[in-house]
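Would you be able to build a 3D model of this:
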Amino acid sequence: MSRMTAGSTPLAGSKIFTTTGIFLACCWLLLIAQCVQADKIRYSAMTPPEHVWTQVLERFSADLKKSSTNSIVMRESRFAKSFGEANILNMLKTDQLQVGVVAVASLTTLDPSLNGWLVPYAFDSTAEMVKAGQSAEASAMLDDLEKHNLIALGYVFPGMRQMLSVAPIKSVADLRGRRIGTFENDMFYNWYRQLGIDPQPTQFMDALARLRNGDIDAIDCDLATAYGLHLYQAAGNLVLTNHMAFPGVLVVSREWWGKLNARQQTLVRESAQRSIQWGHQQVAQLEKQALKQLRGEGVRVMTAGAGDFGDVPTKLRDFYAATNARLGRFAAAL
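So this is what the prediction gives:
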């Protein structure tokens, strides 16, 4: 049997082993790179798991992972949402967070024309909102967000806004003089002040505690939030008003977007659109489910409509349309 000596040719098996080792090492490095990327790509929204915004983000994450063959992997950032919507928006603008759904009501500080989405009783259905979102004015609103380090991928429509009260009420008039927790937005403030109700800016994460402590007497929210955050435990009287749409915008950090190549950007846009369209189809069912769950928890439900608010919706629409040209064109096209 021959022996190998210094300078001898290595065995063929050693070549195979070496090649295999290099291949496995490359695979391992690729896996590490993907894990690092996953750590760097984070998404968030302020909503609970039952909410369509959260579900759209989860679906977007899964769809993009699949369509990109695991090259773009995202993870949820619970830290981002723990400090509220303003924190989510700031983190997106500074690329500390890469993907999120942000309420139009928050984005009105960047573009006041977005208040057009919040005019009370402007929409009767999700289908109407989807159609409005395809208009030139609605698209221009999204395009302008790039000036604020955000790339908008589309509108995400949740359920309509309702009122949840601690004390039983027979009509909306019973809320006059009472304090209601609202989103921190000019349209919300003017809406409730015109109704003689005292608006109190309230983060959703603080809403249940504020209701229990008596800091507020009622809360403005959608049904999924009312159930998902257990707000009904402190405010068991629901006024089913459907008084306001509350779109969100699926956005990504402009800095992160700029690091993607053209193919990756296309994959992101396509996955986003599939997820958004899925969300549009789910809203009605999610609202019905949440209402059924609230009734099952013993929540007392009364119904109110546009007629119960007098001329306030019209006054707000006319006022805002006169103060912002784009908003006026958007409202006129509805």
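
give me the element the spatially most central residue of the chain is part of.
By C-alpha atoms, centre = their mean, the chain has its centre lying nearest to Val101, at 3.2 Å. Element membership for Val101, per DSSP states H and E: strand 99-103.

Per-residue confidence, the closest residue to Ala122 other than its chain neighbours, what does it come out as?
Nearest non-adjacent residue to Ala122, counting by C-beta to C-beta, 6 or more residues apart in numbering: Leu334, 5.8 Å away. For glycine as for every other residue, the C-beta is placed from the backbone atoms N, C-alpha and C. Looking at Leu334, its pLDDT is 88.

Same question for Met1.
According to the prediction, Met1 has pLDDT 41.

Please apply the same query to the one 10 residues further on.
Confidence per residue is given as pLDDT, and for Leu11 that number is 38.

give me the low-pLDDT residue ranges for the stretch 151-300 of the chain?
Counting by pLDDT under 70, not a single residue of the stretch 151-300 of the chain qualifies.

hmm, try it at 90
For the stretch 151-300 of the chain, the stretches flagged by pLDDT under 90 are 204-205.

hang on, the earlier thing: what about the residue nearest to Ala122, neighbour count?
When neighbours are defined as other C-beta atoms under 10 Å, Leu334 has 14 of them.

What are the neighbouring residues in contact with the residue lying closest to Val312 once chain neighbours are set aside?
Leaving out its chain neighbours, the residue that sits closest to Val312 by C-beta to C-beta, 6+ apart is Gln194, at 4.6 Å. Contact analysis of Gln194 by C-beta atoms under 8 Å, 6 or more residues apart in numbering lists 312, 315-316.

Helices - which of the residues you listed land there?
312, 315-316 (DSSP state H).

now, among these, which is nearest to Tyr155?
Leu316 (20.8 Å; C-beta to C-beta).

how close does the closest one sit to Val102?
Going from Leu316 to Val102 by C-beta to C-beta, to the nearest Å gives 23 Å.

I would like a ChimeraX command selecting only the buried ones among the ones in helices among the contacts of Gln194, please.
Selection of buried members from the ones in helices among the contacts of Gln194 for ChimeraX, criterion 16 or more other C-beta atoms under 10 Å:
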select :312,316
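
In TSV: the ones in helices among the contacts of Gln194, plus pLDDT and distance to Ile180.
What follows is the ones in helices among the contacts of Gln194, written out as TSV (pLDDT from 0 to 100; distance: C-beta to C-beta, whole Å):
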residue	pLDDT	distance to Ile180
Val312	97	14
Lys315	96	19
Leu316	96	16
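
now the ones in helices among the contacts of Gln194 as TSV including distance to Asn261?
Listed next are these as TSV, based on distance: C-beta to C-beta, whole Å:
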residue	distance to Asn261
Val312	50
Lys315	50
Leu316	45
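
which one of the ones in helices among the contacts of Gln194 is nearest Ile151?
Leu316 (30.6 Å).

What residues does the nearest residue to Ser44 once chain neighbours are set aside make contact with?
With sequence-adjacent residues excluded and distances taken as C-beta to C-beta, 6+ apart, Ser44 is closest to Ala80, at 3.8 Å. Counting by C-beta under 8 Å, 6+ apart, Ala80 touches 42, 44, 87-88, 91, 96-97, 100.

just Ala224 next, same as before
47-48, 50-52, 158-159, 286-287, 290.

out of those residues, which are inside helices?
Using DSSP H, the contacts of Ala224 in helices are 52, 286-287, 290.

ranges for the strands of the stretch 201-334 of the chain?
Secondary structure of the stretch 201-334 of the chain (DSSP state E, counting those that start in this stretch): strands at 218-221, 237-240, 248-253, 300-303.

Format these as a markdown table; extra columns: distance to Gly116 and mean neighbour count.
As requested, the strands of the stretch 201-334 of the chain are exported to a markdown table (distance: least, C-beta to C-beta, whole Å; neighbours: other C-beta atoms under 10 Å):
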| stretch | distance to Gly116 | mean neighbour count |
| --- | --- | --- |
| strand 218-221 | 19 | 27 |
| strand 237-240 | 24 | 20 |
| strand 248-253 | 14 | 26 |
| strand 300-303 | 26 | 14 |
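
Pretty sure Gly305 sits against Thr241.
Yes: using C-beta atoms under 8 Å, Gly305 makes contact with Thr241 at a distance of 7.3 Å.

These two: who's more crowded?
Applying other C-beta under 10 Å to Gly305 and Thr241 shows that Thr241 carries more neighbours, namely 21 against 12.

In contact with the more buried one, which residues are there?
Thr241 neighbours (C-beta under 8 Å, 6+ apart): 160-163, 172, 303-305, 308.
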